[in-house]
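S.K.: Fold the following and give me the result.
(chains A and B)
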There are 2 protein chains.
Amino acid sequence: MRTSIATVSLSGSLTGKLDAAVRAGFDGVEIFENDLLACPLTPEDIRARCADLGLRIDLYQPMRDIEAVPEAEFARNLRRARHKFELMRRLGADTVLVCSSVSPQAVDDDALAAEQLSRLADLAAESGIRVAYEALAWGRHVSTYDHAWRIVETAGHPALGTCLDSFHILSRGSDPKGIADIPGEKIFFLQLADAPLLAMDVLQWSRHYRCFPGQGGFDVAGLVRQVLATGYDGPLSLEVFNDVFRQADAGPTAVDARRSLLVLQETVGRAPLPDPVVPTGVAFAELVTPDAEPLAALLGALGFTRTARHHGKPVALWEQGDARVLVNTGTAVRRDGTRLAAVGLESPDPAAAARRAEALLAPVLPRRRAPQDVPLDAVAAPDGTELFFCATGRPELPDWRTDFENTDVSPAQDGIRGIDHLALTQPWHHFDEAALFHRGVLGLHAQESVDVADPYGLMRSRAVTNPDGSVRIALTVGAAPTDDTVHAQHIALATDDVVAAARRFREAGGSLLAVPANYFDDLAARFEFADGELETYRDLGILYDRDDHGVFRHCYTRTVGRVFFELVQRDGGYRGYGAANAPVRLAAQHTARALTGG
Amino acid sequence: MRTSIATVSLSGSLTGKLDAAVRAGFDGVEIFENDLLACPLTPEDIRARCADLGLRIDLYQPMRDIEAVPEAEFARNLRRARHKFELMRRLGADTVLVCSSVSPQAVDDDALAAEQLSRLADLAAESGIRVAYEALAWGRHVSTYDHAWRIVETAGHPALGTCLDSFHILSRGSDPKGIADIPGEKIFFLQLADAPLLAMDVLQWSRHYRCFPGQGGFDVAGLVRQVLATGYDGPLSLEVFNDVFRQADAGPTAVDARRSLLVLQETVGRAPLPDPVVPTGVAFAELVTPDAEPLAALLGALGFTRTARHHGKPVALWEQGDARVLVNTGTAVRRDGTRLAAVGLESPDPAAAARRAEALLAPVLPRRRAPQDVPLDAVAAPDGTELFFCATGRPELPDWRTDFENTDVSPAQDGIRGIDHLALTQPWHHFDEAALFHRGVLGLHAQESVDVADPYGLMRSRAVTNPDGSVRIALTVGAAPTDDTVHAQHIALATDDVVAAARRFREAGGSLLAVPANYFDDLAARFEFADGELETYRDLGILYDRDDHGVFRHCYTRTVGRVFFELVQRDGGYRGYGAANAPVRLAAQHTARALTGG
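M.R.: Residues are numbered from 1 along each chain as shown, chains lettered A, B, ... in the order given. Down below sits the predicted model:
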């Protein structure tokens, strides 16, 4: 199917939006009137530019407050329409969106609306233009798609059809089943948007909070199935008003948008994508750093040993149990300080996983970094993290460890079982994108987003996981675009005895994040503990949480660069990440940073 | 009356919040539990710190999900309460907030709620603590203040009273008249918050969008009058959950908060503030710049003449009609580039205006900058703009022009009548504060805030005006905290013939902002013009708007530093500022900036 995007969904100038749309692979665009008005190019220039890019102008939009008005007003509206149809001729656009009126002059008279829309369609037809009439969810008299369709049906004009918009339909709770009553050829256009499920004024909701399909709570796919069943053969077109996307770079937003459509098309059986290959574990986490010493000290105190080094690059492998951490001191990465740069995911079929990622617009990274390296499949996530699809210890497939030469040191086994979860800081403008990427590309399950109170603003966090919990990634974002320092990335290490692990770490010279005594007094008020248990937690700075399934105990190391480690004991099927404790942890990290001047 | 603020209303660490509250002049605080838990100080230390600062701890909050639960659960709740009362003893807090339960375990049984709250109050009384029971607007069974009061009344316990919260009452549309039925001594606490009138889920509304009284749409003063009429003699206390304030510096937020309470107290007759002295005109606008030449060229082309210079500072006075622009090239201001730094407001009583501003916490600026200067009353606005209260040409009062020595050049009279309005860019985190400041301190009227689509995000703009429109200030803010460049400050100059003024400016070598031709095609579709009229606008880049009162024509100069000029012809009582044209203007400014590489 053809895909299209409304220019209002993207940030910047019209020409920048067109470039971004075509680079992301869209076939067409809806030209939003204000984007045209603000553009220094003539309509002919815009037409030529779209033609050069191979973009079709699928829709010009919107015309407002046309129908069901007194005759004198309608005459003025026709005059306005004549100008716009002339503009569309110059632009080479053949379909115009007409939104149901919100004008106080409009009357509740379907016959009049049909008659006037019919006259508008007469005028449009003279210029070879089709009119697509759409019910705004907040239209004055026409606010549902079936009502708009009844008016179009009454008019019975070949150049008049309806435009369906998933936001307007689903935000009102209308049942999309009624779409089956509309002949496919009378559906002139289909606009798609999702939205988070917010109980708010529908106009505000629409103007500020729309998002791409799969990023919100609507069953957009269900609606699209209904529309396709009618025989509709126009494009799937995205129209998203969103305060954040308005500020974000158009390029990544357009890729995000197109990926959401690809996933949607797959859901409704119209995009033959390679099947998802769900990762089955974390092969490694790779830290890059300009100075290996602080990380080496930290990993050493945590009981890791340096078991191998890369044959061609300054990368060391540290191991303990199934936890593997690469420390990369390569010059290419030095300027950004210490950060979590790559994640190796165990994959049942690395090549297939990479093919799906590529089909879903993830940038594919070179398979070999150097001639002697084993070929590895890897892509970049939206936050820049490199994702390697790995087959560790499976002889039939290339093993990333082949590039490493063992030191004489054996892997340690000192209480850490493996990696419980990873936390990756997301770019502020692309948080919604991140979850869709991990869900669509990797086949992970995205949990609900939660707000977390940092002393300096509300952060958000959203976990994506595989079915058995052996891959857990917490996607986090700061309160503001400027805020990416304290909400650091981290590696949470799984242990069966966090008290023992914390003690060992401290005895080995490690420094645990100090947690205020007041927190433990509150724990005493909320829970009952065995004798001495709480004192142990207080001594070590171990935080405590419970859910319906089990208990979570966790503590934190100090931060190196932008990265810290967490020690995690997850008992009895506890499913969360200690979000209730996050405000205390974040405040403690601010305190620690203030003390060290970091 | 005593004033207090909940620590959750401010950003940062608990100690930073206490400092900010006391500096802003609050008498007390509500300690929000999470702030205490995250604080490394012991309760005793916090108590001592508050005592040192002269801050009373008026409330500890909140306790949740206490009442109307099965006995075994209530026993656990009492155990929890015992811990919290011990904490409050250490802290020296004597009142605790109990919110109506949201627990799924709670039953709809007022008698049980009253009985259990009574037992809680028994326990509290043993520690000299009072329990203030409050209806959350989203409480499971108790969600209105009168319901909460009925339960308190039923309990009839001396240590049990009610807490009233303006947000919970007004967000549900409850009538505050019923407050008269509550004896003042049973109102243990009063929490105040305003909010913009949003039709949204009340929990989300409350957690993210509360603001200080006078910043939103609630009649907080009406509610306070009702409460005071009962004889309530506790503090007026602010409890505001707001995503922006969470990120803002605590110092300015606390000042903002206290100012809002002062204005509120004045409204209800409890704060004897000096009366507002509403400005009657704009005496001057002062630009500071590291390089006078570009501004001199611009002002010259606009028909201004340099009529005087300051006797002691590098400041020139440019005049035309009643428009006066100071150009200051003093070294102290050079590093910030060219910007609008000060505004002279004509004041019927400059000294009284300054007294009111000072009483409302505006920083007062030194009356004389140098020994030989005339004494002038001036304060700083929240955005840092210096506001001078002026008496131009009134012999009985000091005249700011006394400090200026005339050049031999007479004031020009070349089509500009005066200053139509000024646009001041506000700090992103303090936009709500700005309108309250101009309303409360200057007695201006604040219009509704409007969203304006810049190509790179939604800006907001809010005008404040005096009754006859001779003072009009548009307060504007960018889409994001980082965004303060293009949304530049400007000086709009009033003319009776914008076409002539624009032509003169161009003939004098001035360069007008280029407006896309597509904009004028759209004007042709929307309005009918006399022959040649539209071509003139197109030629000069004059934008056009109409409202129910009249017509607005305006055009723009190029930007110097962060400042540009607008030429404005306002006919027939047009009241706006051409907001409909702002997206086109902003896009044109982006285009111009891209062309000049600025």
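S.K.: Now do A:H549 against A:A137, distance only.
M.R.: 40 Å (Cβ to Cβ, to the nearest Å). In this view, the C-beta of every residue, glycine as well, is placed from N, C-alpha and C.
S.K.: nope, A:P371 is what I meant
M.R.: To A:A137, A:P371 is 59 Å away according to Cβ to Cβ.
S.K.: A:T162 now?
M.R.: Taking Cβ to Cβ, one finds A:T162 at 15 Å from A:A137.
S.K.: And those two? Which one has more around it.
M.R.: The neighbour comparison of A:T162 against A:A137 (other Cβ atoms under 10 Å in any protein chain shown) goes to A:T162, with 25 against 21.
S.K.: I'd assumed A:I182 was in contact with that one.
M.R.: Yes: between A:T162 and A:I182 a contact is recorded at 6.6 Å, counting by Cβ atoms under 8 Å.
S.K.: what is in contact with these two at once?
M.R.: By Cβ atoms under 8 Å, 6 or more residues apart in numbering or on different chains, A:T162 and A:I182 have these common neighbours: A:W149.
S.K.: Let me see the contact set for A:V452.
M.R.: A:458-461, A:476, A:579, A:582-583, A:586.
S.K.: Throw those into a markdown table and include distance to chain B, thanks.
M.R.: Below are these laid out as a markdown table (distance: Cβ to the nearest Cβ, whole Å):
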| residue | distance to chain B |
| --- | --- |
| A:L458 | 6 |
| A:M459 | 10 |
| A:R460 | 11 |
| A:S461 | 16 |
| A:T476 | 16 |
| A:A579 | 13 |
| A:A582 | 10 |
| A:P583 | 5 |
| A:L586 | 8 |
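S.K.: domains of chain A?
M.R.: A:3-267, A:281-406, A:416-596 (automatic domain parsing).
S.K.: Please tabulate the ones you listed in a markdown table, including the columns mean pLDDT and distance to B:T536.
M.R.: Compiled in a markdown table, these are given as follows (pLDDT from 0 to 100; distance: least, Cβ to Cβ, whole Å):
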| stretch | mean pLDDT | distance to B:T536 |
| --- | --- | --- |
| domain A:3-267 | 97 | 19 |
| domain A:281-406 | 93 | 49 |
| domain A:416-596 | 93 | 42 |
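S.K.: Now tabulate the ones you listed in JSON lines and tack on distance to B:T329.
M.R.: JSON lines is the format used below for the domains of chain A (distance: least, Cβ to Cβ, whole Å):
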{"stretch": "domain A:3-267", "distance to B:T329": "35"}
{"stretch": "domain A:281-406", "distance to B:T329": "39"}
{"stretch": "domain A:416-596", "distance to B:T329": "32"}
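S.K.: Which among those domains is found nearest to B:H141?
M.R.: Distance to B:H141, taken as Cβ to Cβ, is lowest for domain A:3-267 among those, at 20.0 Å.
S.K.: Enumerate the residues of the stretch 351-500 of chain A near chain B.
M.R.: Contact residues, the stretch 351-500 of chain A versus chain B (Cβ under 8 Å from any Cβ of the partner chain): A:451, A:453, A:455-458, A:479-483.
S.K.: Dump those to JSON lines, plus neighbour count and secondary structure.
M.R.: Putting these into JSON lines (neighbours: other Cβ atoms under 10 Å in any protein chain shown; DSSP: H, G, I helix; E, B strand; the rest coil) gives the following:
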{"residue": "A:D451", "neighbour count": "14", "secondary structure": "strand"}
{"residue": "A:A453", "neighbour count": "21", "secondary structure": "strand"}
{"residue": "A:P455", "neighbour count": "24", "secondary structure": "coil"}
{"residue": "A:Y456", "neighbour count": "23", "secondary structure": "coil"}
{"residue": "A:G457", "neighbour count": "19", "secondary structure": "strand"}
{"residue": "A:L458", "neighbour count": "19", "secondary structure": "strand"}
{"residue": "A:A479", "neighbour count": "23", "secondary structure": "coil"}
{"residue": "A:A480", "neighbour count": "21", "secondary structure": "coil"}
{"residue": "A:P481", "neighbour count": "18", "secondary structure": "coil"}
{"residue": "A:T482", "neighbour count": "12", "secondary structure": "coil"}
{"residue": "A:D483", "neighbour count": "18", "secondary structure": "coil"}
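S.K.: now, among those residues, which is nearest to chain B?
M.R.: A:G457 (4.0 Å; Cβ to the nearest Cβ).
S.K.: The residue sitting nearest the centre point of chain A - nearest residue in space that isn't next to it in sequence?
M.R.: Centroid check for chain A by Cα atoms, centre = their mean gives A:E433 as the closest residue, at 1.6 Å. Sequence neighbours aside, A:D256 is the residue nearest to A:E433 in space, at 4.1 Å (criterion: Cβ to Cβ, 6 or more residues apart in numbering or on different chains).
S.K.: Kindly report the same for A:G440.
M.R.: A:V263 (4.2 Å).
S.K.: where does the one you found fall, phi/psi-wise?
M.R.: Torsion angles at A:V263 (phi, psi; degrees, to the nearest 10) stand at phi -60, psi -40.
S.K.: can you tell me how far it sits from A:G214?
M.R.: Using Cβ to Cβ, we find A:V263 at a distance of 5 Å from A:G214.
S.K.: cool, A:L228 as well?
M.R.: Distance, A:L228 to A:G214, using Cβ to Cβ: 17 Å.
S.K.: which of these two has more neighbours?
M.R.: A:G214 (22 against 19).
S.K.: A:H438 is in contact with that one, correct?
M.R.: No: judged on Cβ under 8 Å, A:G214 makes no contact with A:H438 at a distance of 11.5 Å.
S.K.: The stretch 451-598 of chain A: helices as residue ranges?
M.R.: Applying DSSP state H, counting those that start in this stretch to the stretch 451-598 of chain A gives helices spanning A:498-507, A:517-526, A:533-540, A:582-596.
S.K.: Share the number of residues neighbouring the nearest residue to A:V8 once chain neighbours are set aside, please.
M.R.: Nearest residue to A:V8 in three dimensions, chain neighbours excluded: A:F32, at 4.0 Å (Cβ to Cβ, 6+ apart). Residues within reach of A:F32, counting by other Cβ under 10 Å, total 23.
S.K.: what's near enough to touch A:F32?
M.R.: By Cβ under 8 Å, 6+ apart, the contact set of A:F32 is A:6-8, A:61-62.
S.K.: what are the ranges of the helices in the stretch 101-250 of chain A?
M.R.: With DSSP H, counting those that start in this stretch, the ranges of helices along the stretch 101-250 of chain A come out as A:110-126, A:145-155, A:166-171, A:202-209, A:220-229, A:250-267.
S.K.: just those helices: most buried one?
M.R.: Across these, averaging neighbours per residue (mean count of other Cβ atoms under 10 Å in any protein chain shown) puts helix A:166-171 on top, at a mean of 25.
S.K.: Of the contacts of A:V452, which is the nearest to A:V22?
M.R.: Nearest to A:V22 among these is A:R460, at 31.7 Å by Cβ to Cβ.
S.K.: May I have the beta-bridge partners of the closest one?
M.R.: Beta-bridge pairing for A:R460 (DSSP bridges): A:D451, A:V477.
S.K.: does it really touch A:D432, like I thought?
M.R.: No: A:R460 is beyond contact range of A:D432, at 10.0 Å (criterion: Cβ under 8 Å).
S.K.: okay, those two: which has more neighbours?
M.R.: More crowded of A:R460 and A:D432, by other Cβ under 10 Å: A:D432, with 24 against 17.
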